[in-house]
Every structure is written in C-alpha cells, then in structure tokens.
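K.L.:
Pasting a predicted model and its sequence here:
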Amino acid sequence: MEHAEKAIRILQEIFSSLHLDINDEKTFVNKSPHFFDNGWSSVLSNYKFSSDQKKQLYDLIRYFDISYRYSIDFPLDSVLKYAIKRLNNVNIESGNWSHFESLLMKTAITEPATLHEFSAIMYKNKRIVDNKKIKEIIFTLLEEHIYKGHSYEINWALWLSKVFNIQIPDKIASNLFNLVDASNLIMALDLKNRGLISSTIITDNIVDLIDENALQDEYWLLAYEADYHGWLTLKHPDLINNHPFFSILKKNNISFYHSSKVFYHKPASSTLAHKNTRTENQQAENKTHGQPEEKDLFSLLSNDY
C-alpha cells in the first residue's frame, strides 16, 4: 500500500509539471486480485439487434434501458459513450428511425459526454434527421451550457447548427459572444458569417480580446482565424501581416479552421439499411467557390520535408 501511494504521489508531481491533473475520482488503490472489466462492455458489445422492424424496435428500447442501468451502476465508466458509439455500425430499419432518433437525443441531453458519438450518427443520416427535433437539442444545449461555460458542449451544439443550417436566436447568440473561450468564439463568428447568427449581434468584446499580444496568449488562434477569414476588423489591422511567423502561414493560405468544409470521419458502414448519399448542397459546401485553396499544415510540412 505504501509503495502504491508513493507511485501516485510521483505521478501527481510529473503531471503537475506538465500542467495536468489526475482525476481523483478515477484514481484509487486496489488489492490484487481485482477485476479490470465490470462486465457491461461485454454485454453491450455482444448485444444483438434483429433485422425485423418490430423486433428491432424492442431490441433498441431494451438496449438503451440496459445502458442507462449500467451507467447508474458504474458512474465512473463511460457506459453511455460506449453504448452510443457501438450503435454507429447498427443498421437501423427506416421505420424505427424516429424512435431511435428520440432515444439518441434523450441520451445526448442527459449525458453530454456522448455528443461526439451522437453528432457522428446525426451527420451520417443528415437527410432524414428531424430538423425540429435537432433544433430543440441545439437550443437546449446552448441555453444550458453557455451559462455554465462548458466549451465542449457548446462547440458540438454550434457544429450541429452549422451542419443542419439552424438559425441561432438573438438572445442565445448575444450570450455566445460574451464567452471567452477561443474555440467557441471562432465557431460563433463562422455562424455569423454564414447568416446563422444575426449580423446585428455585437461582437465588440471579441475585438477587445485581440490586443497586440494576442498572438502570444490563449487567443492566438482566434486572432489568426478572425483575420484570415475576414470575420472581424481588428484594432491592430496588421497584427498578422507584420508577425514573422503567422504572416508566413497566412501567405501560404493555411487555416486551422476550415469554414467552408465539414470535416468528419466517415464510418465504414451506414446506420440505416439503405445508404445515404451526399446531397448537392453538401457537395457545394465542400467547394471554396474560387477562393484560394486552404492548405493543411501537416501536408505542407510533409511536402517540404
């Protein structure tokens, strides 16, 4: 026990030097032998879904019920995250989509850690997602998490708004621009540029964040992208152009945030039994419409070296 506790103290020192923290809720000392697997992952991974529509609906409801129960029994495990991710490769009968969609949305609201997996399924089935339901999800997430300042949840809500072309109400949008998280503000500026946030919404506080030292602090990405995409008129208009390094990136059309594209890993199989094809709008969204091609930093460096 003494050796184990000493090992934890050493790890804490190492993590602290890297500005990281150990999750105390998930860090503990156990006597051997002990279980490494609580059993729920095996149950969920081996769960079978029928191809018959009526039977599959029962299977889905039971699967979610089991997942919820396990998430309560093992609150420190990522049960629901795993459960939703596993559904990405299940062929859902078209007649069950509405029920399946509602169950997914309920899970995403109650357990925001599943938003990544939830968004993947929504994006893959974009053409059949109920826009009214997804709009309610987006607004609920924003109203709840802007107040709490939860960047992860806000980013996914804004991403869904972009994918499904959902207009953000002025009241919510105004609160968005009071945030200080760079990634949230970048996405909000992108939505405003696309017309999904009213042009009348004031963004003066963002301009104030980008001072002459912005490229050396946590707002460097916000400063660079706002200038690169022309989203804002900076107080220091030559901030990027006069910088010895960022000016080179801009000259080579390098952007860390691709406003004209929706980058998302395409899973091997479709959630629905019938394959979903890209719409003309999606294809058009992936074109830069004559603007300079945005280069990927990794590709550029790979070519150079």
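P.N.:
That came through, no problem.

K.L.:
which other residues reach the helix or strand where residue 141 lies?
P.N.:
Assigned by DSSP states H and E, residue 141 belongs to helix 131-148. Outside helix 131-148, the residues that touch it by Cβ atoms under 8 Å, 6 or more residues apart in numbering are 101-102, 105, 108-109, 112, 115, 122, 153-154, 156-158, 160-161, 164, 166, 168-169, 172, 175-176, 179. Placement of C-beta: from N, CA and C, glycine included.

K.L.:
Equivalent analysis for stretch 51-68, please.
P.N.:
Counting by Cβ under 8 Å, 6+ apart, residues outside stretch 51-68 touching it are 43-44, 47-50, 79-80, 83, 87, 91-93, 95-96, 99-100, 103, 107.

K.L.:
before we move on, what about stretch 173-180?
P.N.:
So stretch 173-180 is contacted by 142, 146-147, 149, 154, 158, 168, 184-185, 188, 192, 197-198, 201-203, 205-206, 209 (Cβ under 8 Å, 6+ apart).

K.L.:
What average pLDDT does it get?
P.N.:
For stretch 173-180, the mean pLDDT works out to 92.

K.L.:
same deal with stretch 212-222?
P.N.:
Mean pLDDT, computed over stretch 212-222, is 90.

K.L.:
just how off-centre is it within its chain?
P.N.:
23 Å (Cα atoms, centre = their mean, to the nearest Å).

K.L.:
pLDDT below threshold where in the stretch 1-150 of the chain?
P.N.:
33-37 (pLDDT under 70).

K.L.:
residue ranges of the helices in it, please?
P.N.:
2-17, 40-45, 53-73, 79-86, 97-110, 115-124, 131-148 (DSSP state H, counting those that start in this stretch).

K.L.:
now those helices as TSV including distance to residue 219 and mean neighbour count?
P.N.:
Shown next, in TSV, are the helices of the stretch 1-150 of the chain (distance: least, Cβ to Cβ, whole Å; neighbours: other Cβ atoms under 10 Å):
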stretch	distance to residue 219	mean neighbour count
helix 2-17	25	10
helix 40-45	40	15
helix 53-73	37	16
helix 79-86	31	21
helix 97-110	30	18
helix 115-124	25	20
helix 131-148	19	16
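
K.L.:
For residue 252, find the nearest of those.
P.N.:
Comparing the helices of the stretch 1-150 of the chain against residue 252 with Cβ to Cβ, the closest turns out to be helix 115-124 (29.6 Å).

K.L.:
what's the angle from that closest one to helix 131-148?
P.N.:
150 degrees (axes from the mean of the first three to the mean of the last three Cα atoms, to 10 degrees).

K.L.:
So what's the gap between helix 115-124 and the chain middle?
P.N.:
9 Å.

K.L.:
tell me what it is packed against?
P.N.:
helix 79-86, helix 97-110, helix 151-163 (3 or more Cβ pairs under 8 Å, 6 or more residues apart in numbering; DSSP states H and E).

K.L.:
Figure out which of those helices is closest to residue 18.
P.N.:
The minimum distance between residue 18 and the helices and strands packed on helix 115-124 falls on helix 151-163, with 20.5 Å, by Cβ to Cβ.

K.L.:
who's in contact with the closest one?
P.N.:
By Cβ under 8 Å, 6+ apart, helix 151-163 touches 112, 115-116, 119, 122-123, 126, 134, 137-138, 141-142, 144-146, 166, 168, 176, 179, 181, 183-184, 187-188, 190-191, 194, 196, 262.

K.L.:
Repeat that for stretch 191-199.
P.N.:
The contact list for stretch 191-199, computed with Cβ under 8 Å, 6+ apart, reads 158, 161-162, 165-168, 170, 173, 176, 188, 201, 203, 229, 231, 259.

K.L.:
So which of these sit within helices?
P.N.:
Restricting the contacts of stretch 191-199 to those inside helices, with DSSP state H as the criterion, leaves 158, 161-162, 170, 173, 176, 188.

K.L.:
In CSV, list the helices of the stretch 1-150 of the chain along with distance to residue 238.
P.N.:
Compiled in CSV, these are given as follows (distance: least, Cβ to Cβ, whole Å):
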stretch, distance to residue 238
helix 2-17, 38
helix 40-45, 55
helix 53-73, 52
helix 79-86, 45
helix 97-110, 43
helix 115-124, 38
helix 131-148, 33
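
K.L.:
Can you say which of the ones you listed is nearest to residue 255?
P.N.:
helix 115-124 (21.0 Å).

K.L.:
Run the angle between that closest one and helix 151-163 for me.
P.N.:
10 degrees.

K.L.:
before we move on, the earlier item: could you dump the helices and strands packed on helix 115-124 to a markdown table with distance to residue 251?
P.N.:
Compiled in a markdown table, those are given as follows (distance: least, Cβ to Cβ, whole Å):
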| stretch | distance to residue 251 |
| --- | --- |
| helix 79-86 | 40 |
| helix 97-110 | 41 |
| helix 151-163 | 28 |
